[in-house]
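Enquirer: Coordinates for the following, if possible.
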Amino acid sequence: MGLRLPELLLIFAALLLLFGGAKLPQLGSALGSAIRNFKKGFSGEEDHKLSPSNHASAADAQAAPPQKVASKE
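Expert: Residues are numbered from 1 along each chain as shown. Take a look at the predicted model:
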């Protein structure tokens, strides 16, 4: 008993009327990223970018001046 084609078309038409054609791709990508983040959080995976040890090393890398690379010419 799921959603069949007529129901899906009706939902899509209602969304198109409410948000317009330009907003639908943005809403779809936002919904997809939200679902991905929910699945990551539910499975227990941690984002390595937000861990305190990596955060400190990233701050050190930003504070350090860029190093010059010797080129062979």
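Enquirer: could you point out the longest helix in this protein?
Expert: Using DSSP state H to define each element, the chain has its longest helix at helix 24-43.
Enquirer: okay, and the helix or strand of this structure with the least pLDDT?
Expert: Within the chain, no helix or strand scores below helix 52-63, which has a mean of 53 by mean pLDDT, DSSP states H and E.
Enquirer: ok, L15 - contacts?
Expert: Neighbouring residues of L15 by CB atoms under 8 Å, 6 or more residues apart in numbering: L24, L27. All C-beta atoms are positioned from the backbone trio N, CA, C, and that covers glycine.
Enquirer: quick thing: my sequence starts at 27, can you match it?
Expert: Sure thing, new numbering starts at 27, so read that last one as L41.
Enquirer: Quick check: which element contains L41?
Expert: Here L41 sits within helix 31-45, counting by DSSP states H and E.
Enquirer: what angle do that helix and helix 50-69 make?
Expert: With axes from the mean of the first three to the mean of the last three CA atoms, to 10 degrees applied, the angle from helix 31-45 to helix 50-69 works out at 110 degrees.
Enquirer: Export only the CA atoms of helix 31-45, formatted as PDB.
Expert: Extracted as PDB, the C-alpha positions of helix 31-45 are listed here (Å, rounded to 0.1, in the frame of the first residue of the first chain):
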ATOM      1  CA  LEU A  31       2.200   7.300  -9.600                       C
ATOM      2  CA  PRO A  32      -1.000   9.500  -9.300                       C
ATOM      3  CA  GLU A  33      -0.300  10.300  -5.700                       C
ATOM      4  CA  LEU A  34       3.400  11.100  -6.400                       C
ATOM      5  CA  LEU A  35       2.400  13.400  -9.300                       C
ATOM      6  CA  LEU A  36      -0.100  15.200  -7.100                       C
ATOM      7  CA  ILE A  37       2.500  15.800  -4.400                       C
ATOM      8  CA  PHE A  38       5.000  17.000  -7.000                       C
ATOM      9  CA  ALA A  39       2.500  19.400  -8.500                       C
ATOM     10  CA  ALA A  40       1.600  20.800  -5.100                       C
ATOM     11  CA  LEU A  41       5.300  21.300  -4.300                       C
ATOM     12  CA  LEU A  42       5.900  22.900  -7.700                       C
ATOM     13  CA  LEU A  43       3.000  25.300  -7.000                       C
ATOM     14  CA  LEU A  44       4.100  26.100  -3.500                       C
ATOM     15  CA  PHE A  45       7.900  26.600  -4.000                       C
END
